[in-house]
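S.K.: predicted model, plus sequence, below.
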Amino acid sequence: NAGVTQTPKFRVLKTGQSMTLLCAQDMNHEYMYWYRQDPGMGLRLIHYSVGEGTTAKGEVPDGYNVSRLKKQNFLLGLESAAPSQTSVYFCASSYNARQGGHEQYFGPGTRLTVT
Amino acid sequence: AQSVTQLDSQVPVFEEAPVELRCNYSSSVSVYLFWYVQYPNQGLQLLLKYLSGSTLVKGINGFEAEFNKSQTSFHLRKPSVHISDTAEYFCAVRGQNFVFGPGTRLSVLP
């Protein structure tokens, strides 16, 4: 049982380049989330999904897109990277509230640097 | 809307001393409360949670927290810390949404 995994672990991009971060979970969770973590700001929600084929915006969605084509995967895309997107990105998943799923399970993170 | 305040951004403490990390929240609806720990270069790991019932909640690694509804607080405590407890600690609230506090960096000194 791998839990939540993220690919890649590190990446350096030039301004304007694009990339996709992959999150996978093997716990059959309904909900999945993408956060960014910046010093002194805690975690901020970028986008989330409450089920396969559905996505919604979080607190800081600008400059990012997501897709949830399969229940176990949640992709985060940067179409045109900017230095302000330099951050550590975390994926998380949880059961839905009706199933008693209140806590989130986190992946190990992706450290992205945009130069 | 919900919000979470962690009053101390950094807490240095000597090994084997007690520690309290403070968390206050605001919410217009009933909430569930969590503490997560993040060790260097790792993801977040759940320490403990309050969903209902007893207001004193025990978690992993000897940590405990007390839910105080009137004070809207959920402070984390450990009676005797170890070097290995050095990490960042996040308080989180789930009401309508899941909201994290800014974190408290605990440094345990030898």
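M.R.: Looks like it came in fine.

S.K.: what residues does chain B have near chain A?
M.R.: With Cβ under 8 Å from any Cβ of the partner chain as the criterion, chain B meets chain A at residues B:9, B:32, B:34, B:36, B:41-46, B:49, B:51, B:90, B:94, B:97-98, B:100-103. C-beta: built from backbone N, CA, C; applies to glycine.

S.K.: pLDDT weak spots in the chain?
M.R.: Because you didn't say which chain, this covers chain A. For chain A, applying pLDDT under 70 flags the ranges A:97-101.

S.K.: tell me, what residue is most central in it?
M.R.: A:W34 (2.6 Å; Cα atoms, centre = their mean).

S.K.: Produce a ChimeraX select command limited to the buried residues of the residues of chain B next to chain A.
M.R.: To isolate the buried ones among these in ChimeraX, judged by 16 or more other Cβ atoms under 10 Å in any protein chain shown, type:
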select /B:32,34,36,43,44,46,49,90,94,98,100,101,102,103
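
S.K.: hang on, the earlier thing: contact partners for the residue nearest to the centre of chain A?
M.R.: For A:W34, the contact set (Cβ atoms under 8 Å, 6 or more residues apart in numbering or on different chains) comprises A:21, A:23, A:45-48, A:58, A:64, A:66, A:74, A:76, A:89-91.

S.K.: so can I have JSON lines of the residues you listed showing distance to chain B, neighbour count and secondary structure?
M.R.: Shown next, in JSON lines, are the contacts of A:W34 (distance: Cβ to the nearest Cβ, whole Å; neighbours: other Cβ atoms under 10 Å in any protein chain shown; DSSP: H, G, I helix; E, B strand; the rest coil):
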{"residue": "A:L21", "distance to chain B": "14", "neighbour count": "21", "secondary structure": "strand"}
{"residue": "A:C23", "distance to chain B": "11", "neighbour count": "25", "secondary structure": "strand"}
{"residue": "A:L45", "distance to chain B": "7", "neighbour count": "20", "secondary structure": "strand"}
{"residue": "A:I46", "distance to chain B": "13", "neighbour count": "24", "secondary structure": "strand"}
{"residue": "A:H47", "distance to chain B": "13", "neighbour count": "23", "secondary structure": "strand"}
{"residue": "A:Y48", "distance to chain B": "9", "neighbour count": "24", "secondary structure": "strand"}
{"residue": "A:G58", "distance to chain B": "8", "neighbour count": "19", "secondary structure": "coil"}
{"residue": "A:Y64", "distance to chain B": "18", "neighbour count": "19", "secondary structure": "coil"}
{"residue": "A:V66", "distance to chain B": "16", "neighbour count": "23", "secondary structure": "strand"}
{"residue": "A:F74", "distance to chain B": "15", "neighbour count": "30", "secondary structure": "strand"}
{"residue": "A:L76", "distance to chain B": "15", "neighbour count": "22", "secondary structure": "strand"}
{"residue": "A:Y89", "distance to chain B": "11", "neighbour count": "22", "secondary structure": "strand"}
{"residue": "A:F90", "distance to chain B": "6", "neighbour count": "24", "secondary structure": "strand"}
{"residue": "A:C91", "distance to chain B": "9", "neighbour count": "30", "secondary structure": "strand"}
